[in-house]
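Trainee: Take this sequence and fold it.
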Amino acid sequence: MNTLRFAAATAALLASVALPALAQAQAQAPTAPTASAPARAAAPTVVKSVKVEPGGLYQIVFNPADSTVLVAAVGPRGETRGAVARLNADLTPGAAIDVSANPLYGLGFNSRTQILYGTATRSGSVDAVDVRTGQVVAHITDGDDDSAHVREAVVDERRNKVYVTIVGGEAGDASRPNQVWVIDGATNTLERKIDVPVGGLTGAALDVENNRLFVTGMSSGDIAAIDLATGEATGRWPTGSERPTNVAFDARGGRLFVASQGSGDLTVMNAADGAIIKKTPTGEGALSVAYNPGVDQIYVANRQAGTVTVVGGADYTVLANLQTGTFPQTIAIDPATNAVYVTNKARGLPRNAPAGTPAPVDPAGDTVTLIRP
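Mentor: Below you'll find the predicted structure:
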């Protein structure tokens with residue numbers, strides 16, 4: 001693995017940028033989908049945060065089979081301590097899975113098969129891990145090519161497929177294509193690759209009913225809709241925001257929720273035609289987004305602001321800005337209890353720090369936070 005390439009790509013994805021201006025242009029689609037409106041609960045609150053070993057936290061997913069959360073933890077820079085940490089619903093620790101041979105960053109989980117798919121960005125591969133046994137059951141690569149910048153893994157449990165975003169160059173750059181790997185969950189092999197028209201592909205969200213994948217173009221500033229049966233793009237729509245990084249899909253309301261690092265906001269879009277419904281400023285470095293239809297709330301992790309913004313799905317007003325940790329990273333939701341789990345990265349060493357330099361002490365980093373809506 002080319003360490004310099006990995007470091008540069010990761011830094012580019014997580015770079016901080018300025019807060020958006022207070023006055024945001026808002027476009028209202030005349031045929032915007034109607035938001036569902038369940039009864040509003042009490043104000044969302046932080047219940048607790050806990051430190052998670054070995055640190056270096058990235059993505060988090062929820063396992064409904066045993067009500068645990070699984071956390072990608074690559075460990076401190078320069079050390080070989082990668083793990084998938086496991087926490088119970090109350091954040092008490094469970095048995096971790098050792099993945100130090102090939103640390104995982106992005107996670108996608110199939111709760112039916114209990115197979116966890118992790119993107120190993122350092123080696124350009126995806127590992128399939130049986131969380132019941134803690135064993136890696138497959139190592140998935142694109143032949144001998146270890147240059148793929150694997151990032152997001154999204155699982156279609158119904159069809160037993162996994163979709164992995166490959167971060168490329170600018171839109172149309174054939175030398176650095178933006179692609180989606182399609183992995184067959186039955187055999188845990190790379191089935192095909194789909195070229196996508198965006199630039200700087202990062203996040204993805206699945207529309208199971210219509211067999212579509214929505215992907216974000218961080219450098220091209222847009223969203224593309226991909227027909228997974230044909231591999232063709234059926235739509236490509238500007239977000240009107242800077243550096244859109246991750247996206248969530250509301251199946252019932254037909255909406256897309258887009259978090260944009262550059263402008264620090266949430267963009268709500270019509271999933272049928274890409275029309276912009278609303279923009280809501282959230283905070284500096286809006287990195288990831290999740291939606292809970294049970295309470296009709298949207299959660300945005302603002303990495304540079306150190307907050308998670310909770311937005312009401314009925315009128316897109318901000319319900320809370322919650323301090324969760326140093327660098328809020330990713331979000332997972334328990335749909336049965338509506339509990340929200342957030343990973344928070346720590347302040348780390350500079351990339352050029354001499355060997356043996358102790359990592360800075362950061363009490364609010366390398367933590368998982370529990371939020372109640």
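
Trainee: going forward, measure contacts between C-alpha atoms and count neighbours the same way
Mentor: OK.

Trainee: any chance you could map the strands in the stretch 1-150 of the chain?
Mentor: 45-51, 57-63, 68-73, 83-88, 97-98, 106-110, 115-120, 125-130, 135-140, 150-156 (DSSP state E, counting those that start in this stretch).

Trainee: TSV for the ones you listed, including distance to Leu287?
Mentor: Putting the strands of the stretch 1-150 of the chain into TSV (distance: least, CA to CA, whole Å) gives the following:
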stretch	distance to Leu287
strand 45-51	19
strand 57-63	12
strand 68-73	17
strand 83-88	21
strand 97-98	26
strand 106-110	14
strand 115-120	18
strand 125-130	22
strand 135-140	27
strand 150-156	13
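
Trainee: got those strands as a markdown table, with mean pLDDT and mean neighbour count columns?
Mentor: A markdown table is the format used below for the strands of the stretch 1-150 of the chain (pLDDT from 0 to 100; neighbours: other CA atoms under 10 Å):
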| stretch | mean pLDDT | mean neighbour count |
| --- | --- | --- |
| strand 45-51 | 98 | 17 |
| strand 57-63 | 98 | 25 |
| strand 68-73 | 98 | 26 |
| strand 83-88 | 98 | 24 |
| strand 97-98 | 98 | 20 |
| strand 106-110 | 98 | 24 |
| strand 115-120 | 98 | 26 |
| strand 125-130 | 98 | 23 |
| strand 135-140 | 98 | 16 |
| strand 150-156 | 98 | 24 |
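
Trainee: For Lys345, find the nearest of those strands.
Mentor: Lys345 lies closest, by CA to CA, to one member of the strands of the stretch 1-150 of the chain: strand 57-63, at 5.5 Å.

Trainee: Distance from the chain centre to that closest one, please.
Mentor: 9 Å (CA atoms, centre = their mean, to the nearest Å).

Trainee: Could you list the paired strands of that strand along with their orientation?
Mentor: strand 68-73 (antiparallel) (DSSP bridges).

Trainee: what about the strand it pairs with, distance to the chain center?
Mentor: For strand 68-73, the distance to the chain centre is 13 Å (CA atoms, centre = their mean).

Trainee: now do stretch 70-78
Mentor: With CA atoms, centre = their mean, you get 16 Å for stretch 70-78.

Trainee: Same check on stretch 52-63?
Mentor: 12 Å.

Trainee: can you tell me the distance between the two ends of it?
Mentor: 17 Å (CA to CA, to the nearest Å).

Trainee: any residues touching it, and which ones?
Mentor: 68-77, 81-83, 85, 105-109, 111, 329-334, 341-346, 366-368 (CA atoms under 8 Å, 6 or more residues apart in numbering).

Trainee: same check, this time on stretch 312-323
Mentor: So stretch 312-323 is in contact with 35-37, 43-46, 278, 280, 296-298, 306-311, going by CA under 8 Å, 6+ apart.

Trainee: what's the first-to-last distance across that stretch?
Mentor: The first-to-last residue distance of stretch 312-323 comes to 18 Å (CA to CA).

Trainee: any idea of the pLDDT on Val295?
Mentor: pLDDT for Val295: 97.

Trainee: That one: neighbour count?
Mentor: Look at Val295: counted by other CA atoms under 10 Å, it has 18 neighbours.

Trainee: any idea how far Ile194 is from it?
Mentor: For Val295 relative to Ile194 (CA to CA), the value is 35 Å.

Trainee: now do Ala248
Mentor: Distance from Ala248 to Ile194, by CA to CA: 20 Å.

Trainee: Neighbour count: the two, which is higher?
Mentor: In this view Ala248 and Ile194 are compared by other CA under 10 Å, and Ala248 has more residues nearby, 25 against 20.

Trainee: just checking, what packs against the strand or helix carrying the more buried one?
Mentor: Using DSSP states H and E, Ala248 sits in strand 244-250. Secondary-structure packing of strand 244-250 (3 or more CA pairs under 8 Å, 6 or more residues apart in numbering; DSSP states H and E): strand 201-207, strand 212-217, strand 255-260, strand 286-292.

Trainee: Deepest in the core, which of those is it.
Mentor: strand 255-260 (a mean of 29; mean count of other CA atoms under 10 Å).

Trainee: what is the orientation angle of that strand with strand 212-217?
Mentor: Inter-element angle recorded for strand 255-260 and strand 212-217: 20 degrees (by axes from the mean of the first three to the mean of the last three CA atoms, to 10 degrees).

Trainee: Now do strand 255-260: distance to the chain's middle.
Mentor: Worked out by CA atoms, centre = their mean, strand 255-260 lies 12 Å from the chain centre.

Trainee: Likewise for stretch 157-173?
Mentor: Computed by CA atoms, centre = their mean, the chain-centroid distance of stretch 157-173 equals 13 Å.

Trainee: and that stretch, average pLDDT?
Mentor: 97.

Trainee: Skip the chain neighbours and tell me the closest residue to Asn344.
Mentor: Leaving aside its chain neighbours, Asn344 sits nearest to Pro328 (4.2 Å; criterion: CA to CA, 6 or more residues apart in numbering).

Trainee: quick one: that neighbour from Leu70, how far?
Mentor: 16 Å.

Trainee: residues in contact with Gln114?
Mentor: Asp130, Val131, Arg132.

Trainee: Need the phi and psi values for it.
Mentor: Phi and psi for Gln114, reported as degrees, to the nearest 10, are phi 60, psi 30.
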